[in-house]
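[1] 3D model of this:
(chains A and B)
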2 protein chains.
Amino acid sequence: MKITEITVEDVRVPTSDTLLGSDPFHRKPDYSAVFITLHTDSDLTGNSLVFNIGAGNDWLAYGVKDLSVLIKNMAVAEFTDSPNLIYERLIDHHQMRWLADGVFRMAAGGLLNALWDLWAKTENKPLWALLVDLPPETLVASVNWRYLKDALTPDEALAILRQQQPEIEKRKEHFIDRGPAAYSTSGWLGLTDAEIVNHIEKLKQQGFRHFKAKVGTNLQDDINRLTQLRKVIGEDAFLMTDANQIWGVDEAIEWMSHLTDVRPYWIEEPTARDDVMGFIKIQKAMQPHGIGVAAGEQVPSPVIFKQLLSSGALTHCQIDATRLGGVNDVIAVILMAAKFNIPVCPHGGGIGLCNMIRHYSLWDQIAVAGTRDNRFCEYYDALQQDVFKVPVEVKDGCYVAPTQPGWGVEVHHAFIEKYRYPLSELWSNRSGPLGPLFIA
Amino acid sequence: MKITEITVEDVRVPTSDTLLGSDPFHRKPDYSAVFITLHTDSDLTGNSLVFNIGAGNDWLAYGVKDLSVLIKNMAVAEFTDSPNLIYERLIDHHQMRWLADGVFRMAAGGLLNALWDLWAKTENKPLWALLVDLPPETLVASVNWRYLKDALTPDEALAILRQQQPEIEKRKEHFIDRGPAAYSTSGWLGLTDAEIVNHIEKLKQQGFRHFKAKVGTNLQDDINRLTQLRKVIGEDAFLMTDANQIWGVDEAIEWMSHLTDVRPYWIEEPTARDDVMGFIKIQKAMQPHGIGVAAGEQVPSPVIFKQLLSSGALTHCQIDATRLGGVNDVIAVILMAAKFNIPVCPHGGGIGLCNMIRHYSLWDQIAVAGTRDNRFCEYYDALQQDVFKVPVEVKDGCYVAPTQPGWGVEVHHAFIEKYRYPLSELWSNRSGPLGPLFIA
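    Next up, the predicted model:
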């Protein structure tokens, strides 16, 4: 089977109209994604996406299209035989690597993830089952170890995976019955108090016990809102807080010291995505209060993850599905998290992230960490129906393990048509690309 | 004065034909740059460039063009009144910041640097003199302090700058007479031993005492080549080594332990650009051997610099002119380097970097650190004549302080015409963009 053509779509939903997903720093996101399809000379396609929050989605689409020449006309077996060689062809390209992380790694990751989708489909398995069933040697060989060996050696990684092998078949059955625990983000800045209470009541009835609120705009508002939230969710539920990198290091420590009464379970992204030493300082300050520290959605490289995990700066590892260099990088991060006993709680939301991260939680909990303990996978119920052909399912507060082959990120044609940027009717009739760029 | 139009050129020189600038990781760079011109309703233009090593230069050009809408039609005074506000408009754009560092920060930095060029030209000063003459309050206010205050407060920054004020006028005269010390990179992998010896003899006659060699491909080759180099340059000269991120952390320590006999002055980029904890470990291992640790050309953000400088992981701070968010970010890095007593030795080479970094070395040595001690500014003599209207000048091993207003990065039209990518005659007649992408 050969990759014959790669198509790339820039799709943006004007979520800024409702402030869905807004936070102090990312004030008016338009949830967007670059949808990638690898066409082959068979019936199968390789599908993936790269999530973004609006402007700049065309940069990602541009990058994916450019890099796609590196895998066009390639036999799919070339990837499945040596996933790390194709990873290196993209990520370690001898000229392109000057572009570093961000757009470049995300674009390359989009193509790698589409190749993994194709691999899973050739084996007629959902992505999680492909990962669970692959021999440990194959998984370890798919990782680029150049910069990671000081924290985790390939041999240690093998040992972690082999140790779980005897339990895998039994656990698979359990997880098909009841998937990884989900948690939902409430307390969005865009909602009124009454809307938040309503939303939480609905979620509690669905079996959720973990709730997350944005913080960092105004301290007194945060105290009031979190106190109110704590009452609504009850003393036994988990209340996460999320600052979306609004603070400096010392400011984060100071601000959180005023929120201890509501017993936050964690503070997420208290400061810059790449401030390893800052995270270490913050984690040390949070520890006496029993507040965890989480990050991942913008952690730009496996090397930053390596430092955050090996130092204990993170108490929860929020891997994202489209920030890093695809499955190859995420395998490395989940293995490092296992070595350092940091629970993996993937970052979801946006478009399509939940569809992808459920596979990682399943693989982690079945075959790497081998436990459900302290692991919650973010869940966000918007942009599923009428978007994905097979929407994400959650039951009794847990993800339902997907059964269709691959990631399960095939989208309805009508969704693409409606939100294609900038030429769809919807976007043609709006103020255009400059509008959101100029928000003060 | 108003910015009326922004033009962007993708220019690439096929340096891979001669392996100029090659290293173990970046095997066949084509030195490239995106040239940016801000046109105004006056005679002045704002000029800058973003350096790159070949493929992906179009990504940078695409990004710069897209971001340029954020400053088009803006009054130049809007920038000179509040440089940090325009910095935030670009770098902290509420949607674009999802794209993180790499392409996004480099593209934004290109525009910011062109605005600084215009500012210097409105004052009829070279960039270094603008920085030296601006009130400390203005410089400090041009920095975005959100993530930096735990290492350096704005008040500390002010104190550093104010302390130098009494000496500035006298030092200016000295530096106009004799600019910052330069050093040159010899020992390129692409050259034969005889060519290297010849090159070094020439440089010694020009007054250079610092020489740099690439390492990391083969240990025995490195030992042989460095031993030979040490003989040629003499015992008193400085021999720098550069691994261009080829190693993991422990590998770097092990490899360098075999090179101590040739007394390397520093090891540059021993491992990944963002491995702060790895650099800390390497620096501790190098210290007993008297080997320094340098990095900067790919350090992706001021936050990574903050950690590398405040931890002492770097003994030499190699700021680059086009990697970060323009002068605003570099001011912050140079101030942090001053606080932690780390000498600033900027990264040059490529196209146009030397033209820009000389301004930073002048500002640092006149008005921030206030000393020449242990400071060398990289120098590379190719791609100056027939490229820049006023080429960089070096005399007796020191840069000559430039006198023309701005950065001095205006290029000859014929250079752009010859190397414009992909439509120049030169590029049209080559194998095309896919050629270098596929190098094994």
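[2] residue boundaries of the helices in the stretch 51-200 of chain A?
    Secondary structure of the stretch 51-200 of chain A (DSSP state H, counting those that start in this stretch): helices at A:57-67, A:76-81, A:83-91, A:103-122, A:127-133, A:136-141, A:154-164, A:168-177, A:193-205.
[3] now the angle between helix A:57-67 and the fourth one, please.
    This means helix A:103-122. Relative orientation of helix A:103-122 with respect to helix A:57-67: 60 degrees, computed using axes from the mean of the first three to the mean of the last three C-alpha atoms, to 10 degrees.
[4] swap in the last one?
    Here the directions of helix A:193-205 and helix A:57-67 differ by 50 degrees (the same axes, to 10 degrees).
[5] which helix or strand lies directly C-terminal to helix A:193-205?
    Downstream of helix A:193-205, the next assigned helix or strand under DSSP states H and E is strand A:210-214.
[6] does that next one come close to chain B?
    No: against chain B, strand A:210-214 shows no contacts by C-beta under 8 Å from any C-beta of the partner chain, the least distance being 13.9 Å. In this view, the C-beta of every residue, glycine as well, is placed from N, C-alpha and C.
[7] so what does that strand touch, helix or strand wise?
    Contacts of strand A:210-214 with other secondary structure elements, assessed using 3 or more C-beta pairs under 8 Å, 6 or more residues apart in numbering or on different chains; DSSP states H and E, are made with strand A:182-185, helix A:219-233, strand A:238-242.
[8] would you reformat these as JSON lines and include distance to A:Tyr379, mean pLDDT and mean neighbour count?
    Output for these, formatted as JSON lines (distance: least, C-beta to C-beta, whole Å; pLDDT from 0 to 100; neighbours: other C-beta atoms under 10 Å in any protein chain shown):
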{"stretch": "strand A:182-185", "distance to A:Tyr379": "4", "mean pLDDT": "82", "mean neighbour count": "24"}
{"stretch": "helix A:219-233", "distance to A:Tyr379": "16", "mean pLDDT": "93", "mean neighbour count": "16"}
{"stretch": "strand A:238-242", "distance to A:Tyr379": "13", "mean pLDDT": "94", "mean neighbour count": "23"}
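[9] and of those, who's closest to chain B?
    Each of those was checked against chain B via C-beta to the nearest C-beta, and the shortest separation belongs to strand A:238-242, namely 15.2 Å.
[10] now the angle from that closest one to helix A:219-233?
    150 degrees.
[11] and the residue nearest the centre of chain A, helix, strand or coil?
    With distances taken as C-alpha atoms, centre = their mean, chain A has A:Asp320 as the residue nearest its mean C-alpha position (2.3 Å). For A:Asp320, the reduced secondary structure class is coil; criterion used: DSSP: H, G, I helix; E, B strand; the rest coil.
[12] rebuild the helices and strands packed on strand A:210-214 as CSV, extending it with distance to chain B.
    Listed next are the helices and strands packed on strand A:210-214 as CSV, based on distance: least, C-beta to the nearest C-beta, whole Å:
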stretch, distance to chain B
strand A:182-185, 17
helix A:219-233, 17
strand A:238-242, 15
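[13] who are the neighbours in contact with A:Glu410?
    When the contact criterion is C-beta atoms under 8 Å, 6 or more residues apart in numbering or on different chains, the partners of A:Glu410 are A:Asn47, A:Phe388, A:Lys389, A:Val390.
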